[in-house]
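K.L.:
Okay, structure incoming, though there's no sequence with it:
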């Protein structure tokens, strides 16, 4: 089916925007948020006490935005056009059939996918009841691990460095989990959760050794 592109910027069909154009705008906005978050987090101890809760919220939100952008980045590999209407964000039937090709590595090789696969394959210890403080530790640890995933570019190791407190949260979390299905834990076909686990431990080691210097 032919598409009307007479009034469409960047070669997108009428009523649609190009993924790559929207992606570039999102990336620019996220870079600004990251910069503010990094500066606040680095000077967290020196912030007035009344501003520290807001800085913590921003830090957590930045990690979540990083994760969302990473998912968007994967989606953009498969889709060229996006409906302008947020109620119908999907690829149009009349969009060109050509799709941008992946950059060489399969999705299952992406470090972020592997780390998230690890999180999907574990659960807190069955038969244990954790208090609110321990549960809060688990949630902080999951956010820290998600930040590691979001910081990984394609198949490279995560770039984010965890604080000592975050390392402690992650170690506590790792001690409190077990496989969802122990019988298939070493079945590493598909997205490798075992590689994801390795990346987490390597990030912990790098963060803790960096804290010593």
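P.N.:
Sure, I can see it. As the structure is a computational prediction, the values presented were derived from the model and not from experiment.

K.L.:
which stretches of this protein aren't confidently modelled?
P.N.:
1-25, 27-28, 69-108, 213 (pLDDT under 70).

K.L.:
switch the cut-off to 50
P.N.:
Residue ranges of the chain with pLDDT under 50: 1-10, 77-78, 82-107.

K.L.:
if you go through it in chain order, where are the strands?
P.N.:
Using DSSP state E, the strands of the chain run over residues 16-18, 81-83, 122-124, 177-179.

K.L.:
Listing partners with orientation, what would you give for the last one?
P.N.:
Each strand paired with strand 177-179, and its direction, by DSSP bridges: strand 122-124 (antiparallel).

K.L.:
Tell me the buried residues in the partner strand?
P.N.:
Buried residues in strand 122-124, counted by 16 or more other CB atoms under 10 Å: residue 122. Using the backbone N, CA and C atoms, a C-beta is placed for each residue, glycine as well.

K.L.:
same question, stretch 205-213
P.N.:
residue 207.

K.L.:
Stretch 129-145 too?
P.N.:
Neighbour-count burial for stretch 129-145 [16+ other CB under 10 Å]: 137, 138, 140, 141, 143, 144, 145.

K.L.:
Pull the contacting residues for the fourth one.
P.N.:
With contacts defined as CB atoms under 8 Å, 6 or more residues apart in numbering, residue 141 is in contact with 166, 169, 170, 172, 173, 174.
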